[in-house]
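Student: Predicted model, plus sequence, below.
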Amino acid sequence: MTQPLVLASSSPFRRLLMQNAGLDFVAQAASIDERAIEAKLAAQNATPETVALELARAKALDVSTRFPDAFVIGSDQTMSLSHRVYHKPASLQEARENLLSLSGQTHHLNSGVAIVRNGAVVWQIVARAAMTVRVLSPDFVDRYLASVGDAVMTSVGAYQLEGEGIRLFESIGGDYFTILGLPMLPLLKALRELGAVND
């Protein structure tokens, strides 16, 4: 018999990935101060990968207190260019500046996932995707933003690959699910090995 499965997230994208995989689960958002955790990690010069994993762990550990015996999945994603970590743009102007800073560069999406049971981390991973943005002219960025509008502020990179954001890229190296923020293949393997889902 499989154990209860909980997704510690309010993200509709992560819920959809879990549903599409045929998993039986409940979703419960974590009650943590992500910015405070990020600030503490920044003071320790933590890598973007570490930040993603620590946030994933914190979410799963928080929700685990409300679901005894359940396998709780926490996930988080950071976007980094070298040592710079990006956040969701607060305005179209910030989105414009961010996109121009990514022009001709390869940035990374770092997706951290942790599984917690009874307050203990039983599995964790950070998966990375390398995203190479083509050289963007300011005029193109302006047209892109005018077309996409405020939707760019819902994504840390000011793009959605499933929409017009794909036009920004020259090449992509990495798993599709990692890009979306929940590396499903290693997660499913871990859930099988833990007995959380049927083989």
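Tutor: Received, thanks.

Student: tell me the SS of S75?
Tutor: strand (DSSP: H, G, I helix; E, B strand; the rest coil).

Student: ok, V141 - contacts?
Tutor: By C-beta atoms under 8 Å, 6 or more residues apart in numbering, V141 lies in contact with 96, 99-100. Heads up, the C-betas are built off the backbone N, CA and C, glycines and all.

Student: again with L17
Tutor: 177, 180, 182, 184.

Student: Who wins on neighbours among these?
Tutor: L182 (26 neighbours; other C-beta atoms under 10 Å).

Student: so who does that residue touch?
Tutor: L182 touches 13-14, 17-18, 75, 111, 113, counting by C-beta under 8 Å, 6+ apart.

Student: Please apply the same query to A129.
Tutor: Per C-beta under 8 Å, 6+ apart, neighbours of A129: 108-109, 111, 172-175, 178-179.

Student: Recalculate using a threshold of 6 Å.
Tutor: Going by C-beta atoms under 6 Å, 6 or more residues apart in numbering, A129 touches 109, 174, 178-179.

Student: Among the residues you listed, which lie within strands?
Tutor: L109 (DSSP state E).

Student: could you flag which of the contacts of A129 are buried?
Tutor: Buried subset of the contacts of A129 (neighbour count, 16 or more other C-beta atoms under 10 Å): 109, 174, 178-179.

Student: so where do the strands sit in the chain?
Tutor: 5-7, 26-27, 71-81, 84-86, 106-117, 120-133, 169-173.

Student: got CSV for those strands, with distance to G157 and mean pLDDT too?
Tutor: Listed next are the strands of the chain as CSV, based on distance: least, C-beta to C-beta, whole Å; pLDDT from 0 to 100:
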stretch, distance to G157, mean pLDDT
strand 5-7, 23, 96
strand 26-27, 24, 95
strand 71-81, 5, 95
strand 84-86, 7, 90
strand 106-117, 7, 97
strand 120-133, 8, 97
strand 169-173, 10, 96
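
Student: got the angle between the top helix by length along the chain and strand 106-117?
Tutor: Using DSSP state H, we find that the single longest helix of the chain is helix 48-64. Angle, helix 48-64 to strand 106-117, by axes from the mean of the first three to the mean of the last three C-alpha atoms, to 10 degrees: 30 degrees.

Student: Mind exporting the C-alpha coordinates of helix 48-64 to CSV?
Tutor: Taking only C-alpha atoms (Å, rounded to 0.1, in the frame of the first residue of the first chain), the coordinates of helix 48-64 have been written out as CSV:
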residue,chain,number,x,y,z
PRO,A,48,22.0,29.5,-6.5
GLU,A,49,21.7,25.7,-6.4
THR,A,50,21.9,25.7,-2.6
VAL,A,51,19.3,28.4,-2.3
ALA,A,52,16.9,26.4,-4.5
LEU,A,53,17.4,23.2,-2.5
GLU,A,54,17.2,24.9,0.9
LEU,A,55,13.9,26.6,-0.1
ALA,A,56,12.6,23.2,-1.3
ARG,A,57,13.6,21.6,2.0
ALA,A,58,12.0,24.4,4.1
LYS,A,59,8.7,24.1,2.2
ALA,A,60,8.5,20.3,2.6
LEU,A,61,9.6,20.4,6.3
ASP,A,62,6.9,23.0,7.1
VAL,A,63,4.1,21.1,5.4
SER,A,64,5.3,17.8,6.9
